[in-house]
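Enquirer: Got a sequence here, can you model it:
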Amino acid sequence: MLKKKLHLQYSQIKPLARTDQIKDLWILLDERLSFRDHINDKINEAFSMLGIIKRNFKHLTIQSFTMLYKNMVRSHLDYCSSVWSPYMKKDIEALEKVQKKSYQDSATTKTHELF
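Expert: I've put the predicted structure just below:
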């Protein structure tokens, strides 16, 4: 089997572009190895999922709301949380806002018992 040698000339080599952040396995990482952008992105996704639940499901039982919350909201907050585990008070409080908002929404949701 013939091995083909790769010859590159200096004019063919292009420098890599510098980026402020990179997404790997759906986790945002910035140049300072901080997960702040990732946490903010996950919080925004969780709030949007909470809004979808609130708009589309007017009458829910507590069990139904809990199931939707765990599957649509908390899954965004929990994905790879062991990697980007928040340690700053500001980030922890921002994540807790989503949970407080969902608790308020569950308390104000019109519960409708089926039987």
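Enquirer: Pretty sure residue 68 sits against residue 56.
Expert: No - counting by Cβ atoms under 8 Å, residue 68 does not reach residue 56; the two are 9.5 Å apart. Any C-beta I mention is one placed from the backbone N, CA and C, and that applies to glycine too.
Enquirer: Which one of those two is surrounded by more residues?
Expert: Neighbours per residue, other Cβ atoms under 10 Å: of residue 68 and residue 56, the larger number sits with residue 68, 20 against 8.
Enquirer: quick one: pLDDT of that one?
Expert: As predicted, residue 68 sits at a pLDDT of 91.
Enquirer: Also the one 4 residues further on?
Expert: Model confidence at residue 72, expressed as pLDDT, equals 91.
Enquirer: which non-adjacent residue is nearest it?
Expert: The spatially closest residue to residue 72, leaving aside those adjacent along the chain, is residue 49, at 4.4 Å (Cβ to Cβ, 6 or more residues apart in numbering).
Enquirer: How about stretch 74-83, which residues are buried there?
Expert: For stretch 74-83, the neighbour count (16 or more other Cβ atoms under 10 Å) marks 74, 76-77 as buried.
Enquirer: between those, which is closest to residue 36?
Expert: Ranked by distance to residue 36 (Cβ to Cβ), the buried residues of stretch 74-83 are led by residue 77 at 15.1 Å.
Enquirer: Kindly list the main-chain dihedrals of that closest one?
Expert: Dihedral angles of residue 77 (phi, psi; degrees, to the nearest 10) stand at phi -80, psi -30.
Enquirer: Does it touch residue 44 like I think?
Expert: No - using Cβ under 8 Å, residue 77 makes no contact with residue 44, being 11.3 Å away.
Enquirer: May I have the residues that are in contact with the residue nearest the centre of the chain?
Expert: With distances taken as Cα atoms, centre = their mean, the residue of the chain nearest its centroid is residue 42 (2.7 Å). By Cβ atoms under 8 Å, 6 or more residues apart in numbering, the residues touching residue 42 are 76-77, 79, 95.
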